[in-house]
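Asks: After the sequence you'll find the predicted model.
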Amino acid sequence: MVELSTALDPVALGIQLLLIIIGLLFSALFSGSEVAFFSLSNQQELLSESENERSSDRLIVRMLDHPRKLLATILIGNTFANVITSVLAAVVTGNIVAQFGFSQFWVYLFEVVVLTFTILILSEITPKIIAINEPLKNARRISRFIYVMYVLLKPLSSIIANSTLNLEERLPKPNSKMTSEDIMTMAEVSEEEGSLKRDEREIIENVIEFGNISVREIMTSRVNIVAISANDSLDEVLTLIREKGLSRMPIYDADLDSIIGVIHSKDVLPYINSDIERTTINWRTIARKALFIPATKKLDDLLRDFQQEKTHIAIVVDEYGGTEGLITLDDILEEIVGDISDEYDETEEQLFTRFRSGVYVFDAKIDLDDMEEILECELTSEDDDFETLGGLMYHLTERIPNVGERVYYRNIEFTIHSVLKNRVRKVRVKVQGNPAKASQESSKSKD
């Protein structure tokens, strides 16, 4: 067999191995610079912090002003270094195969595996990890070298950068818009997986649906408005404030259709220590301007009105200008975060009672959305112009129903429980054919 010294030139082999090592080093340098420079793209305020660093910082800023060209320069250098390394490794491997007569398949396979792992570990992963830990420090160290390559390769990097930009403009843009349904689905999945709590998921859904909710859906109806008459005495007003614990109340002239303003409880405080029985106040003089809105107004628009007008209360009027209801900032917030109780809410109003037989007795003013959750059934549609159980009863009977009258609707039996002053007060409800479903709701039940 021919001696190794005569078949393989040791000098040439040494130069090839040295060039392979240099190629790996250059590849590592370019890989690390990519991470170091682009980690600073949104943190340029960190540059030019000291006198001796300002020259390198200016070079970094100058290159980051053209990120496409900078990236093209780094990728060109990295690719060239890897190609040179691979070619030289193939040459060295070919010489070894020719010298020792090893199987070409296994030797080249061994070369590919070793070279691949060497490039990944030494020239890709390791330098990027080092660079990402201290991007500013490493970017300053290699800024001059990269800038020299940036200038030398500028013609080629400009062509590549412009080509990719033109190609990007011609490619179809992916439709990545996320719909509200997608967000709600993600929230539900996150709740099932334990990433979100139930109340957090409900807040997300409430925020998404916020802009589609009209004032009519959450307002306090006319019959439940607590208001002050312009003819009320100071004693009567103070008594009303103590009993109801309200900070703002509308004031009317003849009736609720003639609201002239809003009285703030704090505006009445100066008169507490006066002779209440003899003191006469012209409520018009201390009443504040009332904000009047239509019942069809959306909550997001109303919230902006509250911000602009710097008020927390609005009077809801119908198409004829009559008072239909009242809405406050608290009502809007409760639509997002749920019920908010204050020190005056000693006991939560019970709007329904469930019996062991599966029969419910609902207050007619309960919101139909809440009733749907309790009964786990659908009662409303988007075209309905009523929001409460009482409104549903009037819609189905088309008149004021009588006590004991039964109405059947969507597999549910409604029986009018009580009527007071032409107003339905209580309704007996029984889900027909599925009492088990009704019995699932027990958190607010009473035996």
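Replies: Cool, got the structure.
Asks: which stretches of this structure form strands?
Replies: 220-221, 228-229, 248-252, 259-264, 292-294, 313-317, 323-328, 352-354, 360-363, 406-409, 412-420, 423-431 (DSSP state E).
Asks: which secondary structure elements does the fourth one contact?
Replies: Read it as strand 259-264. strand 248-252, helix 283-286 (3 or more C-beta pairs under 8 Å, 6 or more residues apart in numbering; DSSP states H and E). Yep, even glycine has a C-beta here, placed from its N, CA and C like the rest.
Asks: And for the third one?
Replies: Contacting strand 248-252 under the criterion 3+ C-beta pairs under 8 Å, 6+ apart are the following elements: strand 228-229, strand 259-264, strand 313-317.
Asks: got any ranges where this protein has weak pLDDT?
Replies: Along the chain, segments meeting pLDDT under 70 span 1-8, 42-54, 98, 101, 173-177, 275-278, 340-349, 433-447.
Asks: who touches the spatially most central residue of it in this structure?
Replies: Relative to the mean C-alpha position of the chain, the nearest C-alpha, by C-alpha atoms, centre = their mean, is the one of Ile204, at 6.6 Å. Applying C-beta atoms under 8 Å, 6 or more residues apart in numbering to Ile204 gives the contacts 183-184, 187, 196.
Asks: pull the longest helix from this protein.
Replies: The residue-count maximum for a helix in the chain (DSSP state H) belongs to helix 67-100.
Asks: chain center to that one: distance?
Replies: 47 Å (C-alpha atoms, centre = their mean, to the nearest Å).
Asks: Isn't Ile281 up against Leu234?
Replies: Yes. Applying C-beta atoms under 8 Å as the test, Ile281 and Leu234 come out as touching, 5.5 Å apart.
Asks: quick one, which of the two is more surrounded?
Replies: A direct count of neighbours by other C-beta atoms under 10 Å for Ile281 and Leu234 places Leu234 higher, at 19 against 16.
Asks: just to revisit the earlier point, TSV please, covering the strands of the chain and showing distance to Tyr271 and mean neighbour count.
Replies: Output for the strands of the chain, formatted as TSV (distance: least, C-beta to C-beta, whole Å; neighbours: other C-beta atoms under 10 Å):
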stretch	distance to Tyr271	mean neighbour count
strand 220-221	27	16
strand 228-229	14	18
strand 248-252	15	20
strand 259-264	12	20
strand 292-294	28	14
strand 313-317	21	22
strand 323-328	24	22
strand 352-354	42	19
strand 360-363	37	20
strand 406-409	51	12
strand 412-420	36	17
strand 423-431	36	19
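Asks: Can you say which of these is nearest to Glu372?
Replies: strand 412-420 (10.9 Å; C-beta to C-beta).
Asks: before we move on, the earlier item: how far away is the residue nearest to the centre of the chain from Asp300?
Replies: 16 Å (C-beta to C-beta, to the nearest Å).
Asks: Please apply the same query to Ser86.
Replies: Counting by C-beta to C-beta - Ser86 and Asp300 are separated by 60 Å.
Asks: same check, this time on Glu111
Replies: Glu111 sits 65 Å away from Asp300, going by C-beta to C-beta.
Asks: okay, those two: which has more neighbours?
Replies: Per other C-beta under 10 Å, whichever of Glu111 and Asp300 has more neighbours is Glu111, with 18 against 12.
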